[in-house]
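K.L.:
3D, please:
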Amino acid sequence: MVNDMPKLESPFVRVELKNGDYVCTPKITPGYEWVFEDPTVHAVEKLHGTNCSIIIENGAITSIWNRTERLPFFNKGKSHIIQGILESYGRGYCELEDGQWFGELIGEKVNGNPHNIEGHLWLPFKTYCWNHLSYTSFGKYPKNYESFSEWFKTLMPLYSLRTHGKDFANPFVEGVVFTHPDGRMAKLRKDMFDWYTGRRHKE
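P.N.:
Predicted coordinates for the structure are as follows:
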């Protein structure tokens, strides 16, 4: 059975402003107290791509999915996703146990390529992202709205730093995905705060 990646919610309750923007409030979303209370939670950089998953059976990739759409290996409209999986495979990122693995596909044809990479690349959440894009600064400060708000104003682009180095101009970081070892996840983007002045996501 193939599952779709569940929609990730904000750990803070959000309200709609008169201009139609949705911003978070200091109130914690019921059921998301674990983000603030559980010390095993990781804060992982949220990549700005498209969600894809692969199915591995007997050690081999048997299918590729964009949400609930199965992608044939040879296709015209979404061949860049296949290219991203192949690039990931070549780098050893697909050496995973049998099962369904979710990840983010980034690159030239995805959301304007804010991470500024050549070609396309699929990065699995539970291995690459967890191991390389977790913020070590998470948990060193109080876990509350005020602390998160200040932290997000100076959020470092971990992927861009790994890929392009510290001298890279105009590094991009969208936000954070809070991940629990048991699989629970929540997201918080910079554009969810009332101080954000750029273009916001449409909900």
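
K.L.:
ok, which stretches of the protein are strands?
P.N.:
12-16, 22-28, 42-46, 50-57, 60-66, 69-71, 99-107, 120-124, 175-179, 185-189 (DSSP state E).

K.L.:
let's have these in JSON lines, adding distance to residue 88 and mean neighbour count.
P.N.:
Where you see a C-beta, it was placed from the backbone N, CA and C, and this is true even at glycine. Below are these laid out as JSON lines (distance: least, Cβ to Cβ, whole Å; neighbours: other Cβ atoms under 10 Å):
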{"stretch": "strand 12-16", "distance to residue 88": "33", "mean neighbour count": "15"}
{"stretch": "strand 22-28", "distance to residue 88": "32", "mean neighbour count": "15"}
{"stretch": "strand 42-46", "distance to residue 88": "17", "mean neighbour count": "22"}
{"stretch": "strand 50-57", "distance to residue 88": "9", "mean neighbour count": "18"}
{"stretch": "strand 60-66", "distance to residue 88": "10", "mean neighbour count": "15"}
{"stretch": "strand 69-71", "distance to residue 88": "14", "mean neighbour count": "13"}
{"stretch": "strand 99-107", "distance to residue 88": "8", "mean neighbour count": "21"}
{"stretch": "strand 120-124", "distance to residue 88": "4", "mean neighbour count": "24"}
{"stretch": "strand 175-179", "distance to residue 88": "19", "mean neighbour count": "23"}
{"stretch": "strand 185-189", "distance to residue 88": "20", "mean neighbour count": "20"}
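
K.L.:
closest one to residue 160 among those strands?
P.N.:
In terms of Cβ to Cβ, the element of these nearest to residue 160 is strand 42-46, at 9.3 Å.

K.L.:
bridging residues for the residue nearest in space to the middle of the chain?
P.N.:
Centroid check for the chain by Cα atoms, centre = their mean gives residue 46 as the closest residue, at 3.2 Å. Beta-bridge pairing for residue 46 (DSSP bridges): residue 175.

K.L.:
contacting residues for it?
P.N.:
Residue 46 makes contact with 174-177, 187, 189, according to Cβ atoms under 8 Å, 6 or more residues apart in numbering.

K.L.:
let me see the domain layout of the protein.
P.N.:
The chain breaks down into these domains under automatic domain parsing: 12-46+136-192, 50-130.

K.L.:
looking at the ones you listed, which one has the lowest mean pLDDT?
P.N.:
Averaged per stretch, pLDDT over the domains of the chain is lowest on domain 12-46+136-192, reaching a mean of 91.

K.L.:
how far does it stretch from start to finish?
P.N.:
For domain 12-46+136-192, the first and last residues are 9 Å from each other (Cα to Cα, to the nearest Å).

K.L.:
excluding its backbone neighbours, what's nearest residue 37?
P.N.:
residue 143 (7.8 Å; Cβ to Cβ, 6 or more residues apart in numbering).

K.L.:
so what's the one you found up against?
P.N.:
When the contact criterion is Cβ under 8 Å, 6+ apart, the partners of residue 143 are 35-37.
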